[in-house]
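Asker: quick one: sequence plus predicted model below, questions after.
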Amino acid sequence: MDHSSNQILPLETLRAFDAAARTGSFSAAADKLNLTHGAVSRQIAKLEGWLGLKVFERNARGVTLTNEGNRLHLRTTEAFALISVNSDHWVEPRGTAVVRLASIPSVSGLWLMPRMAALENNPTRLRIVLDVDNRQADLADEGIDLSVRCGRGRIPGRISVQLFEEHIFPIASPGLANEIGQGDPARLLKFPLINDSDASGWRAWFAAQEVDYRPRPQDRRFEDYNLVLDAAAHGLGVALARPPLTQDQLKSGRIVAVDDRVALNPVSYWLDRPVGRPRAAAADLARRIAEQAGLAPEKLDAFLQDDN
């Protein structure tokens, strides 16, 4: 076996191998794991590439283990049994009604979580497994059915539809807002400005008011928008409201608007899925997300039918 790389195989790869070995079929393994046939095939290819040998013989009726595959399956069976006996780890739910949905922390906490009950229970029961991550992972390889993300456009290798845009405006803590007062937009430059992943939002807002802005040493940057809101609420500077992520915070009075002028954020929200026909449960969840986002039905239909 060729172990020239120190990379450790992900557990998902070994699960795909184990399921294919037990069922004798990539398709049956895909059904068992709630993945596509292509996702299982790619995981096996990854395993064989890492090992430097074949673990399955492909034939018309399915797959059979090679001698090396048999030896590996004995080891993985023992390893999974050992993990099962000696670990209290969380066991991920599986089933035809389970859908894996990926998103970044801010969208997960501020947009998806308040809608989770409606997304899971309307009109029939779904179970959403939420993968919270800042990476733009390969959806098919990681068994992700859908992804809700912020971005500037489509990502190659995915089917995408724009869910909605947002019109941003400045916000701060009530105390800092009183200090800032009303007036010319340039008055905000007297205070630290809080950015999230980049300064494009502030540049867009100031440009709409015909004011030039470039990030300064006194400004603050936080990668996650949850931290941006926390920083603003604690009086560390002026941030930008990103509706609908800030609806609850504004209603509670934790943060308040300091200027009524708005601008279109160059970043918008997208729903992605892997290439290929989506599973029925994934298509059902996509419809529910689209309804929550107010997406036009014809755009959703194109998103679900596009196989490119």
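Answerer: Nice, I can see it. Numbers count the residues shown, from 1 in each chain.

Asker: contacts and neighbour counts: CA atoms only from here.
Answerer: Noted.

Asker: mind listing the strands for the stretch 51-200 of the chain?
Answerer: Assigned by DSSP state E, counting those that start in this stretch, the stretch 51-200 of the chain shows strands spanning 56-59, 62-65, 98-103, 127-132, 146-151, 158-164, 167-172, 194-195.

Asker: now those in JSON lines, with mean pLDDT?
Answerer: Listed next are the strands of the stretch 51-200 of the chain as JSON lines, based on pLDDT from 0 to 100:
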{"stretch": "strand 56-59", "mean pLDDT": "90"}
{"stretch": "strand 62-65", "mean pLDDT": "90"}
{"stretch": "strand 98-103", "mean pLDDT": "92"}
{"stretch": "strand 127-132", "mean pLDDT": "90"}
{"stretch": "strand 146-151", "mean pLDDT": "93"}
{"stretch": "strand 158-164", "mean pLDDT": "95"}
{"stretch": "strand 167-172", "mean pLDDT": "97"}
{"stretch": "strand 194-195", "mean pLDDT": "95"}
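
Asker: so the residue minimising distance to the centre of the chain versus Val148, what's the distance?
Answerer: The chain has Ser103 as the residue nearest its centroid, 2.0 Å off, counting by C-alpha atoms, centre = their mean. Noted for Ser103: a distance of 5 Å to Val148, by C-alpha to C-alpha, to the nearest Å.

Asker: with Gly235 instead?
Answerer: According to C-alpha to C-alpha, Gly235 stands 30 Å off from Val148.

Asker: who has more neighbours, those two?
Answerer: Of the pair Gly235 and Val148, Val148 is the one with more neighbours under other C-alpha atoms under 10 Å, namely 24 against 16.

Asker: identify the bridge partners of that one.
Answerer: Note on Val148: beta-bridge partners by DSSP bridges are Ser103, Leu271.

Asker: shouldn't it be in contact with Arg273?
Answerer: No - the criterion here is C-alpha atoms under 8 Å, and Val148 misses it with Arg273 at 9.1 Å.

Asker: what about the strands of the stretch 51-200 of the chain, which gets the closest to Asp306?
Answerer: Judged by C-alpha to C-alpha, the one of the strands of the stretch 51-200 of the chain that comes nearest to Asp306 is strand 158-164, at 7.1 Å.

Asker: in which helix or strand would I find Ala239?
Answerer: According to DSSP states H and E, Ala239 maps onto strand 239-241.

Asker: name the helices or strands packed onto that strand?
Answerer: strand 167-172, strand 194-195, helix 225-233 (3 or more C-alpha pairs under 8 Å, 6 or more residues apart in numbering; DSSP states H and E).

Asker: redo that, cut-off 10 Å
Answerer: strand 167-172, strand 194-195, helix 200-208, helix 225-233, helix 247-252, strand 256-257 (3 or more C-alpha pairs under 10 Å, 6 or more residues apart in numbering; DSSP states H and E).

Asker: and it, average pLDDT?
Answerer: Averaging pLDDT along strand 239-241 gives 97.
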